[in-house]
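Participant: Following is a predicted model, sequence given first.
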Amino acid sequence: MEKILIIEDDELIAELERDYLEANGYETDLAFDGITGEQKAKTEKYDTILLDVMLPGKTGFDVCRELRKNLRLPIIMVTAKKEDIDKIRGLGLGADDYLVKPFSPTELVARVKSHIYIHNLLSSTEEGEQQETEITYRNLTILPKSRRVYLDKKEVILVNKEFELLLFLAENPNPDKPEKILQFLHISSTIKKNVGGCVHVTYR
């Protein structure tokens, strides 16, 4: 069962959020100030955090900033601060979503479901990549199954043909005949050598 941490100083709102989430099958935990909420988030396992901004002890902005140093779980800010500058600040600090009070409880539940689903999907993809066989050459890493390439640990975006050629060369570092590369690229055998050793190829 997914567990949601609600950090909210207004007990009525916290209980409302709790009741709707538990009615939809979630387990909940409550914290009524920023310091307690931050401590709970760091020491216990949660699937999502609902975070108010105007909290005693430590603001939601400060809590979000601190949690984002180590935690990757979804953080949804639920607050009465509705100015665009506050939304920009919250999202800029790492919040995944920003819901303004008063809010629809059903919308809150829908957003929680959506963020948990996306987070789990991304986590499973990353786990698959970690288990995937890698092809490495110096500072280059190729993940054949997920079709991803990293150079100096930074992802490089390649179109399909570029990726296929790179993978072919990585798996065949010393092709005995250049024609094999041309054949792989589906280039026709019509090759005309120009003066100076340049090669002109005709694509199919």
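Facilitator: Perfect, thanks for sending it.

Participant: residue ranges for the helices of this protein, please.
Facilitator: Secondary structure of the chain (DSSP state H): helices located at 11-23, 34-43, 60-67, 84-92, 105-131, 160-171, 178-184.

Participant: Nearest to Leu140, out of those helices?
Facilitator: Smallest distance to Leu140 across the helices of the chain (Cβ to Cβ): 8.1 Å, for helix 160-171. For glycine as for every other residue, the C-beta is placed from the backbone atoms N, C-alpha and C.

Participant: hang on, the earlier thing: deepest of the helices of the chain, which one?
Facilitator: Among these, helix 60-67 has the highest mean neighbour count (mean count of other Cβ atoms under 10 Å), at a mean of 22.

Participant: What is that one packed up against?
Facilitator: helix 34-43, strand 48-51, strand 75-79, helix 84-92 (3 or more Cβ pairs under 8 Å, 6 or more residues apart in numbering; DSSP states H and E).

Participant: domain parsing for this protein?
Facilitator: Domain ranges of the chain: 3-129, 135-203, per automatic domain parsing.

Participant: And the spatially most central residue of the chain, what's its pLDDT?
Facilitator: The centre of the chain sits closest to Leu122, judged by Cα atoms, centre = their mean, with a distance of 5.8 Å. pLDDT, Leu122: 75.

Participant: Return, as residue ranges, the portions of the chain with sub-threshold pLDDT.
Facilitator: 124-132, 175-204 (pLDDT under 70).

Participant: on that earlier part again, take the helices and strands packed on helix 60-67 and write them to JSON lines, including distance to Lys161.
Facilitator: Below are the helices and strands packed on helix 60-67 laid out as JSON lines (distance: least, Cβ to Cβ, whole Å):
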{"stretch": "helix 34-43", "distance to Lys161": "45"}
{"stretch": "strand 48-51", "distance to Lys161": "40"}
{"stretch": "strand 75-79", "distance to Lys161": "40"}
{"stretch": "helix 84-92", "distance to Lys161": "37"}
